[in-house]
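Visitor: Got a predicted structure here, sequence first:
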Amino acid sequence: MTALLPPRTVDEIVRRRRSAVPAEALAAAAEIVEAVRREGEPAVRRHAERFGELQPNKAIVTERPALEQALRSLNRADRERLERVAGRIRAFAEAQRACLREFAVLVPGGEAGHMVAPVERAGCYAPGGRYALPSSVLTAVTARAAGVREVWVASPRPTPLVLAAAAVAHANGFLRIGGAHAVAALAYGAGPVPACDVVVGPGNHYVTAAKRIVAGDVGIDLLAGPSELIVFADASADPALVAADLLAQAEHDPCALPVLVSASPSLSAQVELEIRQQLSDLPGADVARAALANGGVITVDTIDDGVTVCDAIAPEHLQLHLADAPTVAPRLAHYGALFIGAAAGEVLADYGIGPNHVLPTGGTARRTGGLSVLTFLRVRTWVRITDASAAREVMEDAAWFGRAEGLEAHARAAEQRVLARSSGSR
């Protein structure tokens, strides 16, 4: 019988990763983005009607009052849960923001420092293809916690719960379309939608391609490809729980990458049996089977070997089903998000335990982190000279550097301050 979770090597797993931006998606998105940049709302509407997202003469935006009505229309239990989840995301983001403080240090003749300020407008995209994802709409909560003044959400074919999530996140408005044309509308503006300073959120290849294209004009969070999960487990792990975590990731997308790194010779077979049993009544079993075949299991001899394997892959999500997970956790260097211990399921982060679930994929966790309040903030530096005499050495050094680089006007601008010997603010 062919294994649902086939044995793999590290190199095989790395090779099986799909590009976040395939060439064909980039070409198609470029044409759409350029049309929206040139034409604005007419191009957005044309593509939205072409993809069946919008009927002729229907508004492309749902205004704030209609979002509030969608929230009021939820039954009490659903509304309370939605607000509770948003509250946890908000609390985490506000605590994260509080860690980022302004500072000043003494420099020769004065002070230098930085200020932390939010962007003015943010566009938050939420997928709406295979599944409607109100959880992704709550990225707008993080933007608000960062201090962003105006937040717009875009998602195609929104359900009432998606619209209600936008209300809970205090979105200014909701663009009822998706794809590359939605990203372009958020980036460049279209009709009632203003041009945003930052465009964030997960999406399909065309959404990601559009984000790559507009990144020269606006800020983005990252270019996220298909979802990834490594479950790093030893003999203490519960095979049923390991299987459940792998399937939760596998049902996302046929291109998802669920991987088991097993430090137990017998665990892989036990997890395989559990996967077969749990697939028997899983609604998205076909999608999950394709993703499992894309992923696999890597068996290691020791925990040290497992740490090496995990770091080599640098996954989006890394779940530790280990007897001594808290001790192993600090030894791991490369991941988008880490889940320490069997109780800390990755699914809890998907659904609002606090940190955002938009994370780096394709090994990019080696150089970047996921979406957070930092995505919506600018760190701006400043310098103030109050004693020009005390700053003379700095000015002379600047003049030397200017001439060393062949930039005479730079040198003279520094020397003018040496010669002036004036005090006071400049």
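Guide: Perfect, thanks for sending it. Residues are numbered from 1 along each chain as shown.
Visitor: residue contacts, Glu415?
Guide: Applying C-beta atoms under 8 Å, 6 or more residues apart in numbering, one finds that Glu415 lies in contact with 395, 399. Using the backbone N, CA and C atoms, a C-beta is placed for each residue, glycine as well.
Visitor: Let me know the helix or strand that it is in.
Guide: Using DSSP states H and E, the element containing Glu415 is helix 408-420.
Visitor: which residues does Ser135 contact?
Guide: Counting by C-beta under 8 Å, 6+ apart, Ser135 makes contact with 85, 165, 350-352, 357.
Visitor: if you set the cut-off to 10 Å instead, what comes out?
Guide: Ser135 is in contact with 82, 85, 89, 126, 161-162, 165, 349-352, 357, counting by C-beta atoms under 10 Å, 6 or more residues apart in numbering.
Visitor: I'd assumed it was in a helix, is it?
Guide: Yes. With DSSP: H, G, I helix; E, B strand; the rest coil as the criterion, Ser135 is part of a helix.
Visitor: hang on, the earlier thing: specify which member of the contacts of Ser135 is nearest to Val418.
Guide: Ile89 (52.8 Å; C-beta to C-beta).
Visitor: What's the separation between that closest one and Glu228?
Guide: 22 Å (C-beta to C-beta, to the nearest Å).
Visitor: Which of the two has more residues huddled nearby?
Guide: Taking other C-beta atoms under 10 Å, Ile89 and Glu228 do not tie; Glu228 has more neighbours (29 against 26).
Visitor: Only the buried subset of the contacts of Ser135, as a PyMOL command please.
Guide: Only the buried entries of those go into this PyMOL selection, using 16 or more other C-beta atoms under 10 Å:
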select buried, resi 82+85+89+126+161+162+165+349+350+352+357
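Visitor: Restricted to strands, list the contacts of Ser135.
Guide: Of the contacts of Ser135, none are assigned to strands by DSSP state E.
Visitor: could you pull out the helices for the stretch 1-150 of the chain?
Guide: Secondary structure of the stretch 1-150 of the chain by DSSP state H, counting those that start in this stretch: the helices cover 10-16, 23-39, 41-50, 64-73, 76-98, 134-137, 139-146.
Visitor: Now do the shortest one: distance to the chain's middle.
Guide: What it means is helix 134-137. 12 Å (C-alpha atoms, centre = their mean, to the nearest Å).
Visitor: Restricting to C-alpha, output that helix in PDB.
Guide: C-alpha atoms of helix 134-137 as PDB (Å, rounded to 0.1, in the frame of the first residue of the first chain):
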ATOM      1  CA  PRO A 134     -13.000  35.800   8.100                       C
ATOM      2  CA  SER A 135      -9.900  35.000  10.200                       C
ATOM      3  CA  SER A 136      -7.700  36.700   7.600                       C
ATOM      4  CA  VAL A 137      -9.900  39.800   7.700                       C
END
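Visitor: Against which helices or strands is the strand or helix carrying Gln270 packed?
Guide: Secondary structure from DSSP H and E places Gln270 in helix 267-279. When contacts are defined as 3 or more C-beta pairs under 10 Å, 6 or more residues apart in numbering; DSSP states H and E, helix 267-279 packs onto strand 228-233, helix 239-250, strand 257-262, helix 285-294, strand 296-299.
Visitor: could you dump the ones you listed to CSV with distance to Thr361 and mean pLDDT?
Guide: CSV is the format used below for these (distance: least, C-beta to C-beta, whole Å; pLDDT from 0 to 100):
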stretch, distance to Thr361, mean pLDDT
strand 228-233, 5, 98
helix 239-250, 12, 97
strand 257-262, 8, 98
helix 285-294, 13, 95
strand 296-299, 17, 97
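Visitor: Could I get those in CSV, plus columns for distance to Val107?
Guide: Shown next, in CSV, are these (distance: least, C-beta to C-beta, whole Å):
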stretch, distance to Val107
strand 228-233, 44
helix 239-250, 49
strand 257-262, 48
helix 285-294, 54
strand 296-299, 51
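Visitor: And those: which comes nearest Glu12?
Guide: When the helices and strands packed on helix 267-279 are compared (using C-beta to C-beta), the closest one is strand 296-299, at 7.0 Å.
Visitor: so Ala29 makes contact with Ala182?
Guide: No. Between Ala29 and Ala182 there is no contact under C-beta atoms under 10 Å: 11.1 Å.
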